[in-house]
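Visitor: Take a look and give me a structure for this.
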Amino acid sequence: MDKINLYNLGLNERYIQETEMYEKYLYIARVSTQYKDMYKIITENGEILAKVSGKLIYSSDSITDYRAVGDWVLVDRTTDINGNAVIHRILSRRSYFERKVSGAKTKDTLQMVKL
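Guide: Predicted coordinates for the structure are as follows:
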């Protein structure tokens, strides 16, 4: 199986440098699809499903702390041979699109990260 070139998906040296601050056992991936509690991510080995670590869920204070399509994330695996991946970190965003939830006066939702 051919490896996916993540640089073709927008990976650059800024993100690579940021990963050096975190645990060495984590792998970089890009969120491609968001489901209710699951995400489809693209790793160097292809698309796999991922869930968010409990620590990351409970440390999220605002809507911008949540994962969104286009985010670069750090995960514990690049294949789904032993189950779904777990998202442990979200790398810094360059920008994002935020909108009001339909019918809500104060609740916002994070839509997608600009590529």
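Visitor: and the residue positioned nearest the centre of the chain, how far is that from residue 83?
Guide: By CA atoms, centre = their mean, the chain has its centre lying nearest to residue 73, at 3.8 Å. Separation of residue 73 from residue 83 (CB to CB, to the nearest Å) stands at 17 Å. All C-beta spots, glycine's among them, are computed from the backbone N, C-alpha and C.
Visitor: Could you check how far residue 88 is from residue 8?
Guide: 24 Å.
Visitor: if we can go back for a sec, do I have it right that the residue nearest to the centre of the chain meets residue 87?
Guide: Yes - using CB atoms under 8 Å, residue 73 is in contact with residue 87, at 4.8 Å.
Visitor: and for those two, which residues touch both?
Guide: Shared contacts of residue 73 and residue 87 (CB atoms under 8 Å, 6 or more residues apart in numbering): 41, 50, 67.
Visitor: Go through the longest helix seen in the chain and flag the buried ones.
Guide: When the chain is parsed with DSSP state H, its longest helix is helix 13-19. By 16 or more other CB atoms under 10 Å, the buried positions in helix 13-19 come out as 15, 19.
Visitor: Equivalent analysis for stretch 48-67, please.
Guide: For stretch 48-67, burial by neighbour count (16+ other CB under 10 Å) applies to 48, 50, 51, 52, 56, 67.
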